[in-house]
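Sequence and predicted structure are below.
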Amino acid sequence: MWRDLLPIGRHPGSGGYRRYAWTAADTDCRAWFRQEATARGLAYEVDRNGNQWAWLGDPSQGGAVVTGSHLDSVPDGGAFDGPLGVVAAFAALDELRARGARPAAPLAVVNFGDEEGARFGLACVGSRLTAGQLTPRQAHELRDADGVSLPQAMEAAGHDPDAIGPDPERLARIGAFVELHIEQGRALDLGGNPVGVASAIWPHGRWRFDFHGQANHAGTTRLEDRRDPMLTYATTVLTARKKARLAGALATFGKVAVEPNGVNAIPSLVRGWLDSRAADEDTLAAVVAAIEQAAHERGARDGVDVRVTRESFTPVVEFAHQLRDTLAGLVSPDAPAPVLPTGAGHDAGILSAAVPTAMLFVRNPTGVSHSPAESAAEDDCTAGVTALADVLEGLACR
C-alpha cells in the first residue's frame, strides 16, 4: 500500500507532496483509497461532503468504530502526515482478519477531504462540513489563489457541490473515532516510545493581517516619504515570535502575499497569515491581541493601515477521557502508553464535539513535520498498526 501511494503528488524538485484538495493528485489518492477498499470487499461510499468511507459491516447498525485520517498535504509536505493513518487503518483491518477477530460492531476506514486547507485556506473542510462547523454558504465562498471557488473545484472533480452540508445521521452511526497520526514533535522519541495516545489538542486559529501602504518607486522615493507596508509586516513577524516565546505559545507567519510584487516597487499591500496556538484559550487570545496591537502601533508610525481578520478558530479539544484511557490500556497492557498533548489540529478534534474521539501517535525521530524531512521507522509504523488493531479489536470485537 505504501509503495503504491508514495509517488502520487510528489514534486520532483522538492521531494515533497502537493496533494491539494480536488486536484489531479487528490483524485489519484482517492482512486487509491477506493481500490484498497474494493480489494478487501469493503462497502465503498462517498458522503455528501466528499469524504470517502470503506465499511466492514452494516453502518445502519450504529455504534460503529471508525478509523482513518486524510490523504491531502500542505505545500511540499511529508509522506506521513495523514496518509500513515489511512494506510495503517487498512492494515489494521487486515490484522484483525488474520487474527480471526469477529467484529460485533461495524468498522470503517475514512479519508476526510481537504484536511490541510492548503488550497482554500481553511483546515478540515470535509470534517467541518460533516459536523456542521462550516456552513454550505461559508464553504461556497472559499477560493484558492487562482480565484477558483470550492464549488467549482468540486464540480470539476466530479462531486456535486450543492449536496454539501451537515451530516448528523452519519455521525449518529459512529460510536467512536480513532485517528492514528505521526507525532508532529519529538516527545515519543525523547521518551523512547514507539506509540503514544493524545490527551488534547491545543486551541489554534488563523488570522489574516492586511497591511495597506502606498505603492511607489523604490529608486526615487525618499525613505522619509514612504508608506511601506513591508516594514510594518516585518516588525509584526518579529513581534509574533517574541510574544509567543514569552507566553509559552506558538505564533507563525508562514504565508505572505505582496502587491504589486515588483523588485523595484514599494508595495501597496502586504498580506500575511498568522497561525497561532497555545495550551489554553486565554493565553492564545492574549498572544494574538498583543501581536495585533503591536501591528497597529507600528502601522501608525509607518503610515500603514492594518486590518486583521480571523479566518478560523478551533477551541481546545479534550479527547474523551474514558476512550483515551481505554486506548492507553489497550496499546500497552503492562504499562500504560504515554499520553501527550499536541499543538496540531486534526479531523479527530473537529469530530470530538459530536462523537467520542481519540488519537494514537507514532514516533517521529526528527520531530519534523509539514516537510519532506518528515519520517518514521518501518518498525514504529508496524507497531502503530498493531496498536491500532488492538484498539479496534478491544472496541468492536467479541
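Arrived safely, thanks for sending.

measure the closest residue in space to Ala358 that isn't next to it in sequence to Pro356 for me?
Residue nearest to Ala358 in three dimensions, not counting chain neighbours: Leu323, with 4.6 Å by CB to CB, 6 or more residues apart in numbering. To be clear about C-beta, it is placed using only N, CA and C from the backbone, and glycine gets the same treatment. Shown here: Leu323 relative to Pro356, a distance of 5 Å by CB to CB, to the nearest Å.

Kindly report the same for Leu6.
As for Leu6, its distance to Pro356 is 33 Å (criterion: CB to CB).

Give me the more crowded residue out of those two.
Pro356 (19 against 12; other CB atoms under 10 Å).

Could you check how far the more buried one is from Val110?
From Pro356 to Val110 the distance is 15 Å (CB to CB).

can you check Gly394 too?
For Gly394, the distance to Val110 - CB to CB - is 19 Å.

And those two? Which one has more around it.
Neighbour totals were compared for Gly394 and Val110, and Val110 leads with 28 against 15 (other CB under 10 Å).

Do I have it right that that one meets Asn49?
No - using CB atoms under 8 Å, Val110 is not in contact with Asn49; the gap is 11.3 Å.

Over to the residue nearest to Ala358. Which of the three states is it?
What DSSP: H, G, I helix; E, B strand; the rest coil gives for Leu323 is helix.

so it makes contact with Ala176?
Yes - between Leu323 and Ala176 there is a contact under CB under 8 Å: 6.0 Å.

For those two, list the residues in contact with both.
Both Leu323 and Ala176 are contacted by Pro356, Thr357, Ala358, under the criterion CB atoms under 8 Å, 6 or more residues apart in numbering.

what do Leu323 and Pro356 both touch?
Contacts common to Leu323 and Pro356, judged by CB under 8 Å, 6+ apart, are Ala176.

Show the contacting residues for the residue nearest to Gly77 when sequence neighbours are not counted.
Nearest residue to Gly77, sequence neighbours excluded (CB to CB, 6+ apart): Tyr17, at 4.9 Å. Neighbouring residues of Tyr17 by CB under 8 Å, 6+ apart: Gly9, Arg10, His11, Ala25, Ser73, Asp76, Gly77, Gly78, Ala79, Pro372.

One more: Glu36?
Glu36 touches Met1, Ala54, Phe90, counting by CB under 8 Å, 6+ apart.

ok, now how distant is Gly303 from Ala279?
Computed as CB to CB, the Gly303 to Ala279 distance reads 37 Å.

what are the phi and psi angles of Gly13?
For Gly13, the backbone dihedrals (degrees, to the nearest 10) come out as phi -80, psi -50.

Next: Arg143.
The phi/psi pair for Arg143 (degrees, to the nearest 10) is phi -140, psi 150.

ok, and the closest non-adjacent residue to it?
Using CB to CB, 6+ apart, the closest residue to Arg143 is Ser149 (5.2 Å).

Mind pulling up the pLDDT for that neighbour?
If you check Ser149, the pLDDT there is 97.

show me the contacts for it.
Ser149 touches His140, Glu141, Leu142, Arg143, counting by CB under 8 Å, 6+ apart.

Please report how far it lies from Glu259.
21 Å.

got it, and Pro75?
Relative to Glu259, and taking CB to CB, Pro75 is found at 20 Å.

Please apply the same query to Leu56.
In terms of CB to CB, Leu56 sits 52 Å off from Glu259.

sec struct for the residue nearest to Leu42 when sequence neighbours are not counted, please.
Closest residue to Leu42 in three dimensions, ignoring its sequence neighbours and counting by CB to CB, 6+ apart: Ala54, at 4.0 Å. For Ala54, the secondary-structure state derived from three-state DSSP is strand.

Let me see the contact set for Ala54.
So Ala54 contacts Phe33, Glu36, Ala37, Arg40, Leu42, Ala43, Tyr44, Phe90, Ala108, Val109, Val110 (CB under 8 Å, 6+ apart).

Looking at those residues, which one is closest to Pro83?
Phe33 (10.0 Å; CB to CB).

For the closest one, give me its contacts.
By CB under 8 Å, 6+ apart, the neighbours of Phe33 are Gln52, Ala54, Leu71, Val86, Asn111.

low-confidence ranges in this protein?
Within the chain, no stretch has pLDDT under 70.

that older thread, give me the distance between the residue nearest to Ala358 and Gly13.
42 Å.

Please identify which of those two sits among more neighbours.
Leu323 (21 against 6).

State the distance from that one to Val317.
Distance from Leu323 to Val317, counting by CB to CB: 13 Å.

Then Val66?
Taken as CB to CB, the span from Val66 to Val317 is 17 Å.

With distance to Ser268 as added columns, please give the contacts of Phe33 in CSV.
Shown next, in CSV, are those (distance: CB to CB, whole Å):
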residue, distance to Ser268
Gln52, 43
Ala54, 50
Leu71, 39
Val86, 44
Asn111, 42
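
Can you pick out the most distant pair from the residues you listed?
Ala54 and Leu71 (12.9 Å).

ok, and what's touching the longest helix belonging to the chain?
The single longest helix within the chain, with elements called by DSSP state H, is helix 281-302. Applying CB under 8 Å, 6+ apart, the contact partners of helix 281-302 are 202-205, 207, 209, 211, 213, 227-229, 231-232, 235-236, 239-240, 243-244, 247-249, 251, 274, 276-278, 304-306, 308, 315-316.

Which of these fall within strands?
His204, Gly205, Trp207, Phe209, Phe211, Ala251, Leu274, Ser276, Arg277, Asp305, Val306, Val308 (DSSP state E).

show me what contacts the closest residue to Phe211 other than its chain neighbours?
The shortest distance from Phe211 to any residue other than its chain neighbours is 3.6 Å, reached at Pro229 (CB to CB, 6+ apart). By CB under 8 Å, 6+ apart, the contact set of Pro229 is Phe211, His212, Gly213, Pro267, Ser268, Leu269, Val270, Asp302, Val304.
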